[in-house]
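> just coords:
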């Protein structure tokens with residue numbers, strides 16, 4: 001009886017040792033090796049991710065530099081106008097390489113013309129400047145839609161291959177199905193992540209652009225009010 005208990009305990013200990021020995025091998029799967037199992041569809045997704053990150057960083061730096069409306073700059077500009085020194089006001093704006101300065105440098109050339117013509121010039125200059133700084137921003141919105149679609153294409157392609165292999169081997173074991181399926185789900189996950197990054201960056205930058213447009217419109221009322229006096 002005692003011998004049987006000892007043998008049973010020995011088997012349990014041996015089985016536990018084997019499980020402990022096997023477990024690290026299963027868990028030791030590097031992130032990059034798992035990522036590369038997503039298939040060839042990951043290559044265009046990676047390219048889109050690089051483009052998205054580049055556009056987000058590049059536009060964020062441009063917006064930070066160009067879309068500033070510094071209060072002190074505006075106050076000095078208005079002071080020159082109150083004194084009637086248009087040349088000094090224009091020179092002051094030329095010293096500041098911002099979108100606001102570029103807009104009003106063009107507007108100053110229309111001084112002396114009817115107010116309606118000045119308003120049209122202000123609107124046209126604002127539209128041109130916004131189009132200039134937001135160039136290529138639409139590609140982020142495009143990437144936000146394309147990247148998840150490419151991921152789904154990779155998953156569908158993988159599922160088709162799984163069922164095709166099942167039809168050839170007549171083997172529908174869980175290992176065959178899950179092994180191929182989890183690899184192809186990687187493409188969907190990667191595409192969604194890239195899409196989320198592009199979508200978030202696109203809308204944050206658009207919010208920054210909308211804020212600048214609102215600020216320019218607010219300043220235009222003060223500018224026109226100053227001209228009327």
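Here it is on my side, so go on. Quantities reported herein were computed from a predicted structural model and do not represent experimental measurements. Numbering: from 1, shown residues only.

> from residue 184, how far out is residue 163?
The spacing between residue 163 and residue 184, counted by CB to CB, to the nearest Å, is 12 Å. C-betas here are computed from N, CA, C, even on glycine.

> same check on residue 69?
Using CB to CB, one gets 50 Å for the distance from residue 69 to residue 184.

> where exactly do the helices run in this protein?
2-27, 31-35, 42-66, 71-82, 86-94, 99-108, 115-133, 138-169, 174-228 (DSSP state H).

> output those helices in TSV; the columns should cover mean pLDDT and mean neighbour count.
Rendered in TSV, the data for the helices of the chain read as follows (pLDDT from 0 to 100; neighbours: other CB atoms under 10 Å):
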stretch	mean pLDDT	mean neighbour count
helix 2-27	42	9
helix 31-35	52	10
helix 42-66	91	16
helix 71-82	84	14
helix 86-94	85	16
helix 99-108	87	22
helix 115-133	87	15
helix 138-169	80	16
helix 174-228	82	16
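
> so who does the closest residue in space to residue 96 that isn't next to it in sequence touch?
Nearest residue to residue 96 in three dimensions, chain neighbours excluded: residue 73, at 5.6 Å (CB to CB, 6 or more residues apart in numbering). Taking CB atoms under 8 Å, 6 or more residues apart in numbering as the criterion, residue 73 is in contact with 92-93, 96, 98, 100-101.

> how about JSON lines for those residues, with distance to residue 200 added?
Listed next are the contacts of residue 73 as JSON lines, based on distance: CB to CB, whole Å:
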{"residue": "92", "distance to residue 200": "37"}
{"residue": "93", "distance to residue 200": "34"}
{"residue": "96", "distance to residue 200": "31"}
{"residue": "98", "distance to residue 200": "26"}
{"residue": "100", "distance to residue 200": "27"}
{"residue": "101", "distance to residue 200": "30"}
